[in-house]
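J.: only geometry, no sequence info:
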């Protein structure tokens, strides 16, 4: 009888992860905790609190503690617990892996594509330790074929050592709002266009606002644009100042709502009642809101680049994200063509069936078993 696979999962990142990486680790953690999979699990966490503030000296100390955790404490814990696989969902795995295989998750190639947005010391650390340790791994997990190609391009890691396993919607985003729930932000019109995500430059929200102005000029003044999300914590990446300047310049202060962080109920409300979801990003690793919109049966319009067509397939309408008139044209097409709206909703509901955390976890376990048997 074959030996049962023993998997160690680094869950330290649950203390600090945000957005997509947090969703991934939370969902995988809950899947494994369900006990529905034929493997043994060990969870590794630090006993110390993790500093997340902005004071430089304390941030430096935290970086040192992170390296010590990854390169000393974590491999010792993995070896003592006799795990076959150590799974790390935050790019970094131990360089030395005595008696086990370490497998990392890379969500994107932003460290290379937007290198100026990262602390130079942290970037050197990522390339010196993170990438070199990943090159020693039997396989690297990523989330789309697009990211697989980009990671291979920048790191030189062969594509056959990188496996793309699609994500699924996060649970809080597919929940229903409480009965008779009223959102904390009032929306001035009954119809609204939705976008959910941090206010980063790559999200291309200035062009979306400019396209929305054209929608109003075309006579569709009964629509509001709702931009859910917080400013980026990284100053070089944040676009919130330009977003608000554009809103004011175009006279849209009463028609573009920026509620910031959305509670679970607010987010569920926005998804449930939106007329459409528009995703104008110029670079994504996956684009979870596409699937979340599918779940809530609202039509989706996306940029025709990076991973978004891969995730959305024929269930989305695509536009050139650098062409404001094209963005506006596709939004108008959806507003003015009821049949198209229903077609996209139907296709989105069907396509959503291809994505689930159960499938993701099953594919992970197959990959882990293959890595143990092969090497």
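T.: Yep, it's here. Bear in mind that the values here come from a model prediction, so they are computed numbers and not experimental data.
J.: hey, let's count contacts and neighbours off CA atoms from now on
T.: OK.
J.: next one: residue 278 from residue 50, what distance?
T.: Remark: distance between residue 278 and residue 50 (Cα to Cα, to the nearest Å) = 36 Å.
J.: please say which of these two ends up with more neighbours.
T.: Of the pair residue 278 and residue 50, residue 278 is the one with more neighbours under other Cα atoms under 10 Å, namely 27 against 16.
J.: where does the nearest residue to the more buried one once chain neighbours are set aside sit: helix, strand or coil?
T.: Spatial nearest neighbour of residue 278, excluding adjacent residues (Cα to Cα, 6 or more residues apart in numbering): residue 301 at 4.8 Å. Here residue 301 is strand, with the state taken from DSSP: H, G, I helix; E, B strand; the rest coil.
J.: give me the buried positions along the strand or helix carrying residue 28.
T.: Using DSSP states H and E, residue 28 sits in helix 19-33. The neighbour-count check on helix 19-33 (16 or more other Cα atoms under 10 Å) flags 20-29, 31-32 as buried.
J.: turn the residues you listed into JSON lines, including distance to residue 228 and pLDDT.
T.: Formatted as JSON lines, the buried residues of helix 19-33 follow (distance: Cα to Cα, whole Å; pLDDT from 0 to 100):
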{"residue": "20", "distance to residue 228": "15", "pLDDT": "70"}
{"residue": "21", "distance to residue 228": "18", "pLDDT": "79"}
{"residue": "22", "distance to residue 228": "18", "pLDDT": "82"}
{"residue": "23", "distance to residue 228": "17", "pLDDT": "84"}
{"residue": "24", "distance to residue 228": "20", "pLDDT": "90"}
{"residue": "25", "distance to residue 228": "22", "pLDDT": "91"}
{"residue": "26", "distance to residue 228": "21", "pLDDT": "90"}
{"residue": "27", "distance to residue 228": "22", "pLDDT": "92"}
{"residue": "28", "distance to residue 228": "25", "pLDDT": "92"}
{"residue": "29", "distance to residue 228": "26", "pLDDT": "91"}
{"residue": "31", "distance to residue 228": "28", "pLDDT": "93"}
{"residue": "32", "distance to residue 228": "31", "pLDDT": "91"}
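J.: make CSV out of the residues you listed and add distance to residue 129.
T.: Listed next are those as CSV, based on distance: Cα to Cα, whole Å:
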residue, distance to residue 129
20, 23
21, 20
22, 22
23, 25
24, 23
25, 22
26, 25
27, 27
28, 25
29, 25
31, 29
32, 28
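J.: from the residues you listed, pick the one nearest residue 131.
T.: Residue 131 has its nearest neighbour among the buried residues of helix 19-33 in residue 21, at 17.7 Å by Cα to Cα.
J.: against residue 105, how distant is that closest one?
T.: 9 Å.
J.: overlap in contacts of those two?
T.: Common neighbours of residue 21 and residue 105 (criterion: Cα atoms under 8 Å, 6 or more residues apart in numbering): 89-90.
J.: mind giving me the packing neighbours of the helix or strand hosting residue 62?
T.: Remark: residue 62 resides in helix 56-68, with elements defined by DSSP H and E. Packing contacts for helix 56-68, counted by 3 or more Cα pairs under 8 Å, 6 or more residues apart in numbering; DSSP states H and E, involve no helix or strand.
J.: what residues sit buried inside that helix?
T.: Residues of helix 56-68 classed as buried: 62-63, 65-67 (neighbour count, 16+ other Cα under 10 Å).
J.: could I get the residues you listed in JSON lines, plus columns for distance to residue 152 and pLDDT?
T.: Output for the buried residues of helix 56-68, formatted as JSON lines (distance: Cα to Cα, whole Å; pLDDT from 0 to 100):
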{"residue": "62", "distance to residue 152": "30", "pLDDT": "83"}
{"residue": "63", "distance to residue 152": "26", "pLDDT": "83"}
{"residue": "65", "distance to residue 152": "29", "pLDDT": "90"}
{"residue": "66", "distance to residue 152": "26", "pLDDT": "90"}
{"residue": "67", "distance to residue 152": "24", "pLDDT": "92"}
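J.: which of these sits closest to residue 210?
T.: Of all those, residue 63 has the smallest distance to residue 210: 40.3 Å, by Cα to Cα.
J.: the closest one and residue 70: what is the separation?
T.: From residue 63 across to residue 70, the span is 11 Å (Cα to Cα).
J.: what do you get for residue 190?
T.: Distance, residue 190 to residue 70, by Cα to Cα: 50 Å.
J.: how many other residues sit next to residue 119?
T.: 11.
J.: which element is residue 151 on?
T.: helix 145-155.
J.: mean confidence for the next helix or strand after that helix?
T.: Next helix or strand after helix 145-155 toward the C-terminus (DSSP H and E): strand 162-164. Per-residue pLDDT over strand 162-164 has a mean of 98.
J.: paired strands for strand 162-164, with orientation please.
T.: Sheet pairing here is set by DSSP bridges, and for strand 162-164 it gives strand 140-142 (parallel).
J.: circling back: tell me what the helix holding residue 28 is packed against?
T.: Using 3+ Cα pairs under 8 Å, 6+ apart, helix 19-33 sits against helix 357-374.
J.: give the other helices and strands that the helix it packs on contacts.
T.: Secondary elements touching helix 357-374 (3+ Cα pairs under 8 Å, 6+ apart): helix 19-33.
J.: between the helix or strand following the helix it packs on and helix 19-33, how many degrees?
T.: Downstream of helix 19-33, the next assigned helix or strand under DSSP H and E is strand 40-44. Interaxial angle, strand 40-44 versus helix 19-33 (axes from the mean of the first three to the mean of the last three Cα atoms, to 10 degrees): 140 degrees.
J.: alright, that wraps it up for me.
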